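[1] Here's a sequence, model it:
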Amino acid sequence: MKYRSLVLLCLVAVLPLSTSIRPAQSRTATYDLVLTGGRVIDPASRLDGVRNIGISNGTVAAISTGPLSGKQTIDVTNLVVAPGFIDMHAHGQNVPSQTYQVRDGVTTALELEIGAFPLNALGAREGRALINYGYSAGHTAARITVKRGNRQAAYHEALTESELKEMIGYLATALDEGALGIGVGLDYVSLGVKPDELEALFRLAAARKVPIFVHIRMPDDRNDLTGLTELLDLTGKTGASFHMAHIVSTGLGRVPAFLQMVDQARVRGLDVTTEVYPYTAGSTGINSGIFDHDWQSKLGISYRDIEWPPTGQRFTGREMWDEYRAKYREGVVIIHAMREEWVEQALKHPGVMIASDGMPISSLDERAHPRGMGTFARVLGRYSREKKIITLPDAISRMTLMPAQRLEQMSPAMRRKGRLSVGADADITVFDADQVIDRATFADPNQFSKGIIHVLVGGTVVVRDGGMVEGVFAGKPIRATVKTGG
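    Numbering: from 1, shown residues only. Have a look, this model is predicted:
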């Protein structure tokens, strides 16, 4: 007995110091990990109550009001236990970007607006990602390939008949390789994309039964609704599934009209969805195609509404603008063009998902738009708890179940995400509903969100007690597996 007591004492001495994780008291543990005493919110079943969750082999194995035994236990009393957040619009697809994302509660971050081509990143990142990841088939990159690397031609010139056929073939191949749809940054290449090309993209999406994710054209006239009208018309004509990226930053003052148009399209039986990020500024490349047009009229802004993130400076006029565009070809700017009322209109509207549009960063101290650092905590803290724009269960649904349902038709893996039920993947975010809030600002963006306590990816703890678990890369690729030809 004395020897056994000494062994137990030594084991306790080497356990990691943690405010919430403790070894199981039972030697006959049933589960790998048990979360005890948390307020479990599952948007699929509408469960909202105190439960214990047992996790084994990366999946939710039990949800119970009674005690569960595990090899490891996390006490989550007084905390919300939710499905891991799914970000369908995340340009930051590397470890620094994912570090901010997972600290914001994100367990799956997908690049669906611009996408990727070729799709070799799916395999290349396996074992090197903090959270789950995936891509759409990137129209712009395929267009550049067709134009033999000539970006100027890819952004501004129409495709010949043979080039269009070649590009559609490239995108079809990417879908065969697991792309989660087709990503079209239309406003970036709108000078070159003619109606036949756009229709061919929608027809490919319809044939393959995958969504097409589009950054719509933004006409110079801010009252012009044709940017959305042309895509809704094509949705009806082809039967494709259409997802509109960031309805506020492309809608601006047209947000109420756009929301009504989306509703009317759904009433007609069209498969149309959209998303919002909770900020009043956008971000894009300083030399992007958005600035090919009369951008000041289009966006209703002047040079002083454009911010240079590395220094926080605002542009003083045409001379500084031209200098920076020539000097920093790949530079990124922040565009202060939106109003809070438009953001709130989108958040109040049923069915509008939450997505960050987070920009890529190469290091944790690289300044960028704060949406890549705090989108989800901002919705939970500012818009749900403080402003009561949406309820907490509704906010969670918009960042978990709804994105999963949008993608599950072509990706069976998504049927196990966005939910907290037996058999679901143990992608789980645990947060303090009374404290959760974003801390990243435009002036000081490099701050982690507050109140995100634990994050599990496939049952592996990636964030523990509000800090990163070092050396853990639990992210898996999310692929489309349904092949229908076309």
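
[2] could you list every residue that touches residue 442?
    With contact set as Cβ atoms under 8 Å, 6 or more residues apart in numbering, residue 442 has these partners: 281, 307, 312, 334, 369, 370. Heads up, the C-betas are built off the backbone N, CA and C, glycines and all.

[3] Buried only: go through the residues you listed for me.
    281, 307, 334, 369, 370 (16 or more other Cβ atoms under 10 Å).

[4] Now, those residues that are in helices?
    With helices taken from DSSP state H, there is no overlap with those.

[5] Could you list which of these belong to strands?
    307, 334 (DSSP state E).

[6] Need the max-distance pair from the buried ones among the contacts of residue 442.
    Spanning the widest gap among the buried ones among the contacts of residue 442 are 307 and 370, at 11.5 Å by Cβ to Cβ.

[7] top helix in the protein by residue count?
    For the chain, the helix with the greatest residue count under DSSP H is helix 161-176.

[8] what element comes up after that helix heading to the C-terminus?
    Next helix or strand after helix 161-176 toward the C-terminus (DSSP states H and E): strand 182-184.

[9] Which secondary structure elements does the one helix or strand residue 243 maps to sit against?
    Assessed by DSSP H and E, residue 243 sits inside strand 241-244. Other elements packing on strand 241-244 under the criterion 3 or more Cβ pairs under 8 Å, 6 or more residues apart in numbering; DSSP states H and E are helix 195-208, strand 211-214, helix 226-238, strand 272-276.

[10] Using the record's domain definitions, break the chain down for me.
    13-83+433-468, 85-418 (automatic domain parsing).

[11] and the closest residue to residue 86 other than its chain neighbours, how many neighbours?
    Distance criterion Cβ to Cβ, 6 or more residues apart in numbering; nearest residue to residue 86, sequence neighbours excluded, is residue 403 at 4.0 Å. Neighbours of residue 403 under the rule other Cβ atoms under 10 Å: 28.

[12] Next, residue 403: phi, psi?
    Residue 403 adopts backbone torsions of phi -60, psi -40, taken as degrees, to the nearest 10.

[13] low pLDDT regions in this structure?
    1-29, 482-486 (pLDDT under 70).

[14] can we see that at 80?
    For the chain, applying pLDDT under 80 flags the ranges 1-29, 293, 482-486.

[15] Report the central residue of it.
    residue 87 (2.0 Å; Cα atoms, centre = their mean).

[16] Quick check: that one vs residue 407, distance?
    Using Cβ to Cβ, to the nearest Å, residue 87 is found at 12 Å from residue 407.

[17] Could you name every residue contacting both of the two?
    With Cβ under 8 Å, 6+ apart, residue 87 and residue 407 have common neighbours residue 110.

[18] burial count for residue 158?
    13.

[19] And residue 427, by the same measure?
    34.

[20] Quick check: closest non-adjacent residue to it.
    In this structure, residue 427 finds its nearest non-sequential neighbour in residue 84, 3.3 Å apart by Cβ to Cβ, 6+ apart.

[21] Tell me which residues touch that neighbour, please.
    Residue 84 is in contact with 105-108, 131, 400, 417, 427-429, 455-457, counting by Cβ under 8 Å, 6+ apart.

[22] returning to that earlier point: my guess is the residue nearest to the centre of the chain meets residue 355, correct?
    Yes: in this structure, residue 87 is within contact of residue 355 by Cβ atoms under 8 Å, at 5.6 Å.

[23] and for these two, which residues touch both?
    Jointly contacting residue 87 and residue 355 under the rule Cβ under 8 Å, 6+ apart are 375, 403.

[24] Could you pull out the helices in the stretch 51-200 of the chain for me?
    For the stretch 51-200 of the chain, the helices defined by DSSP state H, counting those that start in this stretch cover 95-103, 121-124, 139-146, 151-156, 161-176, 195-208.

[25] Distance of the nearest residue to residue 256 once chain neighbours are set aside relative to residue 133?
    Spatially, and ignoring its direct neighbours in sequence, residue 256 is nearest to residue 345 (6.1 Å; Cβ to Cβ, 6+ apart). From residue 345 across to residue 133, the span is 31 Å (Cβ to Cβ).

[26] neighbour-wise, which of those two wins?
    Between residue 345 and residue 133, counting by other Cβ under 10 Å, residue 133 is the more crowded of the two (23 against 20).

[27] was I right about the more buried one contacting residue 126?
    No: with contact defined as Cβ under 8 Å, residue 133 and residue 126 do not form a contacting pair (9.3 Å).

[28] overlap in contacts of those two?
    Common neighbours of residue 133 and residue 126 (Cβ under 8 Å, 6+ apart) are residue 477.

[29] Show me the beta-bridge partners of the closest residue to residue 139 other than its chain neighbours.
    The spatial neighbour of residue 139 that comes closest, neighbours along the chain excluded (Cβ to Cβ, 6+ apart), is residue 184 at 4.5 Å. As for beta bridges, residue 184 partners with residue 214 under DSSP bridges.

[30] Count residues in the vicinity of residue 184, would you?
    Residues near residue 184, counting by other Cβ under 10 Å, number 32.

[31] now residue 71
    Neighbours of residue 71 using other Cβ under 10 Å come to 14.

[32] What ranges does the stretch 1-150 of the chain have for its strands?
    21-23, 33-42, 47-56, 59-64, 72-75, 80-83, 85-87, 106-116, 132-138 (DSSP state E, counting those that start in this stretch).

[33] between those strands, which gets nearest to residue 328?
    Going by Cβ to Cβ, the one of the strands of the stretch 1-150 of the chain nearest residue 328 is strand 106-116, 19.8 Å.

[34] any idea of the angle the closest one forms with helix 95-103?
    Between strand 106-116 and helix 95-103, the angle comes out at 140 degrees (axes from the mean of the first three to the mean of the last three Cα atoms, to 10 degrees).

[35] so which of the strands of the stretch 1-150 of the chain is the most packed in?
    strand 85-87 (a mean of 31; mean count of other Cβ atoms under 10 Å).

[36] Check the offset of it from the chain's centre.
    5 Å (Cα atoms, centre = their mean, to the nearest Å).
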